[in-house]
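[1] next comes the sequence, and after it the predicted model I'd like to discuss.
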Amino acid sequence: MDPDPVHAAEELWVFAYGSLMWRPDFPYVERLEARLVGAHRALCVYSFVHRGTPERPGLVLGLDRGGTCRGIAYRVTAAARADTVTYLRAREQVTSVYRECLRPIRLKREDEARVQALCYMVDRGHAQYAGRLSLEQQLHHVRQGHGQSGANRDYVIATVAALEQLGYRETELHLLAERLAGTHEASARGAAVS
């Protein structure tokens, strides 16, 4: 882990690539599109708390090494920095599957400014690291997953919707969401007929 970001005196940037894009739940003063080089968004974390249980794990996103990830950067005031980091640790580090770190990101604005941002990278050595799963394996875990934050299916669909609002399409994630939406619509139609 990088030097503790709670104790710094300046404002904080937070990089969001999953549910933080559509549900940050912390105060911020600026929200911009951003890009992280050296890591990519992947459904590579078994969820034992928020979107699943140890007996029926869900599947959530992690920043895994290699590639590029487009997401959202939030600017937090210096005064709110410590509270924001404390909140994020409680939310993201329930089982310590992520490594908290500061990484350079590029902000999408005229000057393409480069800033250091707080990121949560997946720990490949953690028992919840799923690695690369097939679409069928992903579907299995997402369909069964339900945890403290709700249905795993809702998490995937909300993340895809957030990406679409930014004009992004990630083939594998979109295919998964389409299959999940199709399943949901078919079961809803079946229930309406019976």
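    Cool, the structure landed.
[2] any idea where the helices of this structure begin and end?
    Ranges of helices within the chain are 19-22, 78-92, 135-144, 152-165, 171-193, based on DSSP state H.
[3] below-threshold pLDDT in the chain: ranges please.
    The chain contains residues with pLDDT under 70 at 1-3, 6-7, 183-194.
[4] rewinding a little: would you turn the helices of the chain into a markdown table with distance to residue 105 and mean neighbour count?
    Bear in mind the C-beta positions are built from the backbone N, C-alpha and C, glycine included. Output for the helices of the chain, formatted as a markdown table (distance: least, C-beta to C-beta, whole Å; neighbours: other C-beta atoms under 10 Å):
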| stretch | distance to residue 105 | mean neighbour count |
| --- | --- | --- |
| helix 19-22 | 13 | 20 |
| helix 78-92 | 16 | 16 |
| helix 135-144 | 27 | 17 |
| helix 152-165 | 17 | 20 |
| helix 171-193 | 20 | 13 |
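[5] out of these, which comes closest to residue 121?
    Residue 121 lies closest, by C-beta to C-beta, to one member of the helices of the chain: helix 78-92, at 10.6 Å.
[6] residues in contact with the closest one: which ones?
    The set of residues external to helix 78-92 that reach it, using C-beta atoms under 8 Å, 6 or more residues apart in numbering, is 5-12, 14, 25-28, 76, 98, 100, 118, 120.
[7] dump the helices of the chain to CSV, plus distance to residue 124.
    Shown next, in CSV, are those (distance: least, C-beta to C-beta, whole Å):
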stretch, distance to residue 124
helix 19-22, 21
helix 78-92, 16
helix 135-144, 18
helix 152-165, 21
helix 171-193, 19
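[8] so which of those helices is nearest residue 107?
    helix 19-22 (14.9 Å).
[9] tell me which other helices or strands that closest one touches.
    If you count contacts as 3 or more C-beta pairs under 8 Å, 6 or more residues apart in numbering; DSSP states H and E, helix 19-22 packs onto strand 58-76, helix 152-165.
[10] what's in contact with it?
    Contact partners of helix 19-22, identified using C-beta under 8 Å, 6+ apart, comprise 14, 60-61, 71-72, 74, 149, 155, 158-159, 161-163.
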